[in-house]
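S.K.: Take a look and give me a structure for this.
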Amino acid sequence: MNRLACLPLVWRGDDPAEFKLSVDNVIDQQLTGNTELTIFFCLDGSLKGSQLQIIEKSSKFVSTIIINNKYSRGLVNNLNSGLEEVLKGDFLMRAV
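M.R.: Sure thing, here's the model as predicted:
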């Protein structure tokens, strides 16, 4: 089985509507063959309630893992903490 990891970084300042669209687009991808998708949500500090609801709803459709950075550490540090967890899969997809 191929394991595909998606690594969206989420920050409190992200627009919830755009974040939802991004997550929905990842979930709607047509995966071929024997491929398992896991979304690793990297939280850069605390989030808005609407952002947390989007993450919670996505877990009904795909496997999700939350990497919670308690403080906003910026894009690069958040991405590096996510990569440490994600690199266990066969493939990585970076969501913008």
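S.K.: Who are the packing partners of the strand or helix carrying Q53?
M.R.: Element membership for Q53, per DSSP states H and E: helix 49-58. Under the contact criterion of 3 or more C-beta pairs under 8 Å, 6 or more residues apart in numbering; DSSP states H and E, helix 49-58 touches helix 16-27, strand 63-69. Quick note: C-beta positions are derived from backbone N, CA and C, even for glycine.
S.K.: Repeat the analysis, applying 6 Å as the threshold.
M.R.: Counting contacts by 3 or more C-beta pairs under 6 Å, 6 or more residues apart in numbering; DSSP states H and E, helix 49-58 packs against helix 16-27.
S.K.: Name the residues that touch the helix it packs on?
M.R.: By C-beta atoms under 6 Å, 6 or more residues apart in numbering, the surrounding residues in contact with helix 16-27 are 6, 50-51, 54, 58, 61-62, 95.
S.K.: try 7 Å this time
M.R.: By C-beta atoms under 7 Å, 6 or more residues apart in numbering, the surrounding residues in contact with helix 16-27 are 6, 8, 10, 39, 48, 50-51, 54, 58, 61-62, 95.
S.K.: How is the spatially most central residue of the chain assigned, secondary-structure-wise?
M.R.: Note on the chain: the residue nearest the mean C-alpha position is F41, at 3.1 Å, using C-alpha atoms, centre = their mean. Put simply, F41 is strand when judged by DSSP: H, G, I helix; E, B strand; the rest coil.
S.K.: Surely it and N68 touch.
M.R.: No - at 8.7 Å, F41 and N68 do not qualify as touching, with contact defined as C-beta atoms under 7 Å.
S.K.: Run through the protein and note the low-pLDDT ranges.
M.R.: 88-96 (pLDDT under 70).
S.K.: about what we covered before: out of the contacts of helix 16-27, who's the most crowded?
M.R.: V10 (25 neighbours; other C-beta atoms under 10 Å).
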